[in-house]
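Colleague: okay, structure incoming, though there's no sequence with it:
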């Protein structure tokens, strides 16, 4: 159980150190804006403490996570959470009906000779983001879950037909075998974890029948993501990571695309802002995006 913080104690939450003056600012904002809800409070706290992402946007998600931790430790009390609509992103059923046009029984298989006009489209914040959600919910074994933090979503099209989906998000905060491979200290990780990105979803849709297609799409997808991640978030990724369930997959496409196996997880998975142990370790693969990646991440 977390103990309440005593006066003069420094707190390190979500990569930021909170001193007593910061805590007093937070308490004042909570008190004065109680009726406006947690989201507005987190925005005001970010502005007051000048807590920004590298691209200039407020670190609202990190701030809300820190506020919850402060409440859990007895430092402050937050207004009650507002009940989510049944149509919110985390509750809506995104899957397709069996008679939907984008279901295997209604879609002609695409062979390698059919590929003539391939495009990789970043669909986050676009009208096609819901299509990505639905494809992942219907055809990916993990289904659709809300991606917390920075993330980008891609649909690979052959003409107008979606044939693959890729999702990228923030890297795991702590990953023993990855961290050992890098050789960075706790301080290095806190400073440079923003340079690592996780391939949170990869899906070849069931109507595609092309040998070695997954590694080809993965390589193309990496190039698109690294360009867009720097554009949208102001950070050039240096290292990619992903987790492979070795009960289902051998990681062949990652190995073929020159990803490196470095070990396995301890069976913990992220659920929203916290982690739970589902007792299902996964293989860890990483992909350095520059030759001096270890030196860069330890600098």
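Modeller: Nice, thanks for sending it over. Remember, predicted model here, so these are calculated numbers, not experimental data.

Colleague: residue contacts, residue 258?
Modeller: residue 287 (Cβ atoms under 8 Å, 6 or more residues apart in numbering). In short, each C-beta sits where N, CA and C put it, glycine included.

Colleague: pull up the per-residue confidence for it.
Modeller: Looking at residue 258, its pLDDT reads 97.

Colleague: any idea how far it is from residue 23?
Modeller: Distance from residue 258 to residue 23, counting by Cβ to Cβ, to the nearest Å: 47 Å.

Colleague: who does the closest residue to residue 140 other than its chain neighbours bridge with?
Modeller: Among residues not flanking residue 140 along the chain, residue 203 sits closest, at 4.8 Å (Cβ to Cβ, 6 or more residues apart in numbering). Beta bridges link residue 203 to residue 165 when assigned by DSSP bridges.

Colleague: wait, residue 203 sits on residue 156?
Modeller: No: Residue 203 lies out of contact with residue 156 (Cβ atoms under 8 Å); the separation is 9.6 Å.

Colleague: what touches both of those two?
Modeller: 164, 165, 166.

Colleague: list buried residues within these.
Modeller: When the shared contacts of residue 203 and residue 156 are checked for burial by 16 or more other Cβ atoms under 10 Å, the buried set is 164, 165, 166.

Colleague: those residues into TSV, with extra columns for distance to residue 147?
Modeller: Shown next, in TSV, are these (distance: Cβ to Cβ, whole Å):
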residue	distance to residue 147
164	17
165	12
166	12
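
Colleague: mind listing what the residue nearest to residue 140 touches?
Modeller: 135, 136, 139, 140, 164, 165, 166 are the contacts of residue 203 under Cβ under 8 Å, 6+ apart.

Colleague: between these, which sits nearest residue 12?
Modeller: residue 166 (33.0 Å; Cβ to Cβ).

Colleague: need the contact list for the closest one.
Modeller: Counting by Cβ under 8 Å, 6+ apart, residue 166 has contacts 120, 153, 154, 156, 199, 201, 202, 203, 217, 218, 221, 225.

Colleague: let's see it at 7 Å
Modeller: Applying Cβ atoms under 7 Å, 6 or more residues apart in numbering, one finds that residue 166 lies in contact with 154, 201, 202, 221.

Colleague: cool, and residue 204?
Modeller: Applying Cβ under 7 Å, 6+ apart, the residues near residue 204 are 164, 213, 214.

Colleague: who's in contact with the first one?
Modeller: Counting by Cβ under 7 Å, 6+ apart, residue 164 makes contact with 156, 203, 204, 205, 217.

Colleague: mind doing that once more with 10 Å?
Modeller: 118, 120, 135, 154-158, 202-205, 208, 213-214, 216-218, 220-221 (Cβ atoms under 10 Å, 6 or more residues apart in numbering).

Colleague: which among those residues end up buried?
Modeller: Looks like the contacts of residue 164 have 120, 135, 154-158, 202-205, 208, 213-214, 216-218, 220-221 buried, using 16+ other Cβ under 10 Å.

Colleague: of those, which belong to helices?
Modeller: If you go by DSSP state H, the buried ones among the contacts of residue 164 have 135, 213, 214, 216, 217, 218, 220, 221 in helices.

Colleague: could you dump the residues you listed to TSV with pLDDT and distance to residue 11?
Modeller: Listed next are these as TSV, based on pLDDT from 0 to 100; distance: Cβ to Cβ, whole Å:
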residue	pLDDT	distance to residue 11
135	95	41
213	91	48
214	93	44
216	92	47
217	94	43
218	96	40
220	94	43
221	97	38
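
Colleague: need the max-distance pair from the residues you listed.
Modeller: Taking Cβ to Cβ as the measure, those have their most distant pair in 135 and 216, spaced 18.9 Å apart.

Colleague: what about the residue nearest the centre of the chain, which SS state?
Modeller: Computing the C-alpha centroid of the chain and ranking residues by Cα atoms, centre = their mean puts residue 169 first, at 2.5 Å. On the three-state scheme (DSSP: H, G, I helix; E, B strand; the rest coil), residue 169 is labelled strand.

Colleague: roughly how far does the nearest residue to it once chain neighbours are set aside sit from residue 254?
Modeller: Ranked by Cβ to Cβ, 6+ apart and with sequence neighbours excluded, the top spatial neighbour of residue 169 is residue 151, at 3.9 Å. Here the distance between residue 151 and residue 254 works out to 19 Å (Cβ to Cβ).
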